[in-house]
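Asker: Give me a model of this one.
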Amino acid sequence: HTVSTGCTLTTPTGAAILAACPTDIAAGDSYDLTVITVGTGADDISTLTAGDADVTFVGKVTVGPETAAIANYGTWRFRYTGANAFVGYRIG
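Answerer: Reported below is the predicted structural model:
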């Protein structure tokens, strides 16, 4: 997405994520999410936040701004741990 100032991106709740997954999802299954932030201003930063306590993150949750030293994208692998719970690991 394109930003011109800081932006917060909130995930759905763990239950909502689970409802969008295939019915045969099992603990340990995962999916990847990539966020690309288009903006070059110093405050053009996207920050991921959890929709509820069933969604947690490991690693940095910010993306941008696009500069020579900072990538404008981030990838998280969300792993289903059971009972509506997902953990997003920063992998890129």
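Asker: can we go C-alpha only for contacts and neighbour counts from here?
Answerer: Fine.
Asker: the helices in this structure, which residues?
Answerer: 14-20 (DSSP state H).
Asker: Against which helices or strands is the helix-or-strand element of it with minimal mean pLDDT packed?
Answerer: In the chain, no helix or strand scores lower on mean pLDDT, DSSP states H and E than strand 62-63, which sits at a mean of 92. Strand 62-63 sits against strand 46-49, strand 73-82, with contacts defined as 3 or more C-alpha pairs under 8 Å, 6 or more residues apart in numbering; DSSP states H and E.
Asker: want to throw these into a markdown table with mean pLDDT?
Answerer: Shown next, in a markdown table, are the helices and strands packed on strand 62-63 (pLDDT from 0 to 100):
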| stretch | mean pLDDT |
| --- | --- |
| strand 46-49 | 95 |
| strand 73-82 | 97 |
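Asker: okay, these in TSV with distance to Thr23 and mean neighbour count next?
Answerer: Shown next, in TSV, are these (distance: least, C-alpha to C-alpha, whole Å; neighbours: other C-alpha atoms under 10 Å):
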stretch	distance to Thr23	mean neighbour count
strand 46-49	25	18
strand 73-82	13	19
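Asker: Identify whichever of those strands lies nearest to Asp24.
Answerer: strand 73-82 (11.8 Å; C-alpha to C-alpha).
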